[in-house]
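Novice: Quick one, fold the following:
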Amino acid sequence: MRPAVLLTVCTVTAGALLVAGCGSQNAASSPRAASGSPTCAPRPPADGTASGPKRDQVVLLDQGCGASPSARTEFQVTNTETEPLTYTITFTFLDNSGRAMDNTRQTVANVAPGRTVQRTVEPGRGEGGRVRITQVRAVPADEAPATSAECPRSGMRVTADDGDAAMGLRAVGLHLTNCGTGVVRVNGYPSLQLLDETRKPVTGVRILDGTAEISTGGPDTSPSPVTLQPGESASASLMWRNTTMSGTPVNAPYVRVKATPGAPPVVVTPELDLGTTGKLGVSPWSKDKPRTR
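Specialist: Numbers count the residues shown, from 1 in each chain. A predicted model of the protein is given here:
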């Protein structure tokens with residue numbers, strides 16, 4: 001992945017044009033420009049380069065002027081591939097000294113091939129409102145996880161959570177919700193295919209039935225039939241260690257998931273940093289307990 005780059009905010013002098021991220025307008029129209037005081041402070045890129053505020057197919061366009069945290073940042077996404085893609089972009093907001101203050105994710109759904117779309121991201125907390133693109137993930141639009149307000153034709157919504165990490169042990173939860181009107185039945189383990197940063201299949205990693213070999217936390221739970229009525233849900237866990245010994249570490253940002261053998265695939269982004277362990281454990285689907293009010 002290419003390094004994140006900070007957006008450079010423009011400087012203004014009397015009679016000059018605003019050209020770096022503030023559009024084209026005469027600086028004399030600014031109430032402060034007549035006195036010779038700058039309305040924008042120069043902000044060099046985080047890595048000291050002048051390559052521009054872009055990462056992958058995402059470009060920061062306009063962060064507004066000045067240090068006001070109320071300024072919004074415009075960005076655009078261009079799909080240079082041959083199929084519609086749904087993008088999830090992570091932005092990091094920084095204060096005036098360059099410290100990370102907040103992160104936010106924004107999804108831009110179903111961008112057609114060759115299409116460029118423009119959006120706005122709100123600043124986080126802290127001074128200055130500076131922003132950088134931390135990460136970009138893109139999945140085929142017809143395999144993107146459904147939002148909580150959507151229900152796929154299958155009636156099965158599959159998502160992944162943000163996971164947990166401790167002492168090199170990683171765990172991410174897969175969640176299956178019956179958002180339809182019929183009954184959903186699952187039995188056994190979700191079907192997984194690991195994908196690299198270009199969404200090509202990752203080889204050389206064993207996908208284990210069960211997580212005991214990874215966690216050493218006791219025997220595995222045996223798979224059993226799970227019946228989900230509308231509104232009910234089930235969960236499974238992905239578990240791995242990021243230990244690195246000899247060899248080349250394996251990273252699989254994407255995982256293509258099928259809840260059942262005949263279910264349509266969904267691509268989630270658990271960011272698997274598998275080190276050189278060569279294995280990933282997966283637990284069977286287990287019905288979630290009803291939430292108590």
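
Novice: in the lowest-mean-pLDDT helix or strand in the chain, what counts as buried?
Specialist: Within the chain, confidence by mean pLDDT, DSSP states H and E is lowest for strand 164-166 among all helices and strands, at a mean of 77. For strand 164-166, the neighbour count (16 or more other CB atoms under 10 Å) marks no residue as buried. (C-beta placed from N, C-alpha, C; glycine too.)

Novice: Return the distance of it from the chain's centre.
Specialist: 18 Å (CA atoms, centre = their mean, to the nearest Å).

Novice: That one packs against which elements?
Specialist: Helices and strands touching strand 164-166, by 3 or more CB pairs under 8 Å, 6 or more residues apart in numbering; DSSP states H and E, are strand 169-178.

Novice: average pLDDT across the strand it packs on?
Specialist: Averaging pLDDT along strand 169-178 yields 96.

Novice: Tell me the helices and strands packed up against that strand.
Specialist: Going by 3+ CB pairs under 8 Å, 6+ apart, strand 169-178 lies up against strand 156-160, strand 164-166, strand 184-187, strand 225-228, strand 233-241.

Novice: Which residues outside the fourth one are in contact with it?
Specialist: Spelled out, that is strand 225-228. Strand 225-228 is contacted by residues 176-178, 183-187, 234, 285-287 when judged by CB atoms under 8 Å, 6 or more residues apart in numbering.

Novice: 6 Å - rerun?
Specialist: 178, 184-187, 234, 285, 287 (CB atoms under 6 Å, 6 or more residues apart in numbering).

Novice: next one: the longest one
Specialist: Counting by CB under 6 Å, 6+ apart, the neighbours of strand 233-241 from elsewhere in the structure are 168-177, 190, 211, 214-215, 226, 274, 277, 280-283, 285-288.

Novice: partners of it in the sheet?
Specialist: strand 169-178 (antiparallel), strand 279-282 (antiparallel), strand 286-287 (antiparallel) (DSSP bridges).

Novice: Could you give the average pLDDT over it?
Specialist: Strand 233-241 comes out at a mean pLDDT of 96.

Novice: in it, what's buried?
Specialist: 233-234, 236-241.

Novice: I'd say Leu60 and Arg72 touch.
Specialist: No: at 11.3 Å, Leu60 does not count as touching Arg72 under the criterion of CB atoms under 6 Å.

Novice: check which helix or strand covers the residue nearest to Pro223 when sequence neighbours are not counted.
Specialist: Counting by CB to CB, 6 or more residues apart in numbering, Pro223 lies nearest to Pro284, which is 3.6 Å off, once chain neighbours are set aside. Assigned by DSSP states H and E, Pro284 belongs to no helix or strand.

Novice: measure Pro284 to Met245 for me?
Specialist: 29 Å (CB to CB, to the nearest Å).

Novice: Between these two, tell me which one has more neighbours.
Specialist: Pro284 (21 against 8; other CB atoms under 10 Å).
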